[in-house]
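S.K.: compute the structure for the input listed below.
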Amino acid sequence: MAEDTFYKSFSEKQLTGYGAARRSRIERSRLGLLQQAIQPPGRFVEIGPGHGTLGELAVAGGWDYTAIEASDLLIDVLKKKGFKVVKAFTPPIPGEDGSLDVVYADQVMEHMPGIDAARAFTADALRLLRPGGVFFVVVPDYLKERTFFWDVDYTHNFVTTERRMRQLFNDGGFVVERVVRSIGVATGLRRDALAAAAVFANVPGLDTLSRWTGTEDVLFKVRKNLFETLAFVARKPRT
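M.R.: You can find the predicted model right below:
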């Protein structure tokens, strides 16, 4: 049987010291945002956990954490870190009805192949959560990223904006309690300043210049560090 190399490119990424520290700050910030809405202990499932950075923080914080991952390569990384891992492409999200306190999906929804899958993913989260449970979702803001939304990852399919996500969650039975717009850990005026700076990384002709000067990877990294996300705290109604 051929080796499953899905998301091989992601599993092979090696963060620099700066990149690892930045990733840790982002994960801490997002877990902090989640825990303003719901506190451990409780059952916490993360879909698409990557290398498990958030999982390490969740376990240390007292959550009963399980990762759901489709890539055999990443599953191996996660198991070596001692996590409970379920192999699955989602949707459907495996699990028992009303058994979870948190469903966490950081930059997963944009990988859905279309509207039907996005709706099914949302419906599964509602089914799995206990009343009062939290669906915590982070997605790119397509209205800022535009063409980079497609270039950053070949598996991006479902366009995500604040309005589209609010409509999806409302139709799916959730109450959106909070939306946080950020670039890295920057929010508010700091985020606005970085978003303004991102304009210069998308000046017409810059892609051509980067090819001629051999700086395509540098330009990609600059754009990636200025990537804007939307974090949604959506709650399953208690009644």
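S.K.: how much space between residue 211 and residue 221?
M.R.: In this view, residue 211 and residue 221 are 15 Å apart by C-beta to C-beta, to the nearest Å. Every residue, glycine included, has its C-beta placed from N, CA and C.
S.K.: over to residue 84?
M.R.: Here residue 84 is placed at a distance of 33 Å from residue 221 (C-beta to C-beta).
S.K.: can you confirm residue 34 is in a helix?
M.R.: Yes - checked against DSSP: H, G, I helix; E, B strand; the rest coil, residue 34 lies within a helix.
S.K.: so who does the spatially closest residue to it that is not a sequence neighbour touch?
M.R.: Excluding the flanking residues, the one nearest residue 34 by C-beta to C-beta, 6 or more residues apart in numbering is residue 136, at 4.9 Å. Listed by C-beta atoms under 8 Å, 6 or more residues apart in numbering, the contact set of residue 136 reads 30, 33-34, 37, 102-106, 231-234.
S.K.: the residues you listed in strands, which ones?
M.R.: When the contacts of residue 136 are checked against strands (DSSP state E), the matches are 102, 103, 104, 105, 106, 231, 232, 233, 234.
S.K.: so the fourth one bridges to which residues?
M.R.: Translated: residue 105. Assessed by DSSP bridges, residue 105 has beta-bridge partners residue 47, residue 137.
S.K.: strands of this protein, residue ranges please.
M.R.: Applying DSSP E to the chain gives strands spanning 43-47, 64-69, 84-87, 100-106, 129-140, 175-183, 228-235.
S.K.: can you lay out the ones you listed as CSV showing mean pLDDT and distance to residue 158?
M.R.: Formatted as CSV, the strands of the chain follow (pLDDT from 0 to 100; distance: least, C-beta to C-beta, whole Å):
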stretch, mean pLDDT, distance to residue 158
strand 43-47, 98, 14
strand 64-69, 98, 18
strand 84-87, 97, 22
strand 100-106, 98, 12
strand 129-140, 98, 9
strand 175-183, 98, 18
strand 228-235, 98, 13
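S.K.: in JSON lines, list these along with distance to residue 113.
M.R.: As requested, these are exported to JSON lines (distance: least, C-beta to C-beta, whole Å):
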{"stretch": "strand 43-47", "distance to residue 113": "15"}
{"stretch": "strand 64-69", "distance to residue 113": "17"}
{"stretch": "strand 84-87", "distance to residue 113": "19"}
{"stretch": "strand 100-106", "distance to residue 113": "15"}
{"stretch": "strand 129-140", "distance to residue 113": "15"}
{"stretch": "strand 175-183", "distance to residue 113": "24"}
{"stretch": "strand 228-235", "distance to residue 113": "20"}
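S.K.: so for residue 25, which of those sits nearest?
M.R.: Closest approach to residue 25 among these (C-beta to C-beta): strand 175-183, 11.1 Å.
S.K.: quick check: closest non-adjacent residue to the residue nearest the centre of the chain.
M.R.: Residue closest to the average C-alpha location in the chain (C-alpha atoms, centre = their mean): residue 106, at 1.7 Å. Nearest residue to residue 106 in three dimensions, chain neighbours excluded: residue 138, at 4.3 Å (C-beta to C-beta, 6+ apart).
S.K.: run through the residues that contact that neighbour.
M.R.: Applying C-beta under 8 Å, 6+ apart, the residues near residue 138 are 30, 105, 106, 107, 229, 230, 231, 232.
S.K.: any weak-confidence spans in this structure?
M.R.: Scanning the chain for pLDDT under 70 picks out the ranges 1-16.
S.K.: and for it, the residue most distant from the center?
M.R.: Distance from the C-alpha centroid of the chain peaks at residue 212, with 33.3 Å (C-alpha atoms, centre = their mean).
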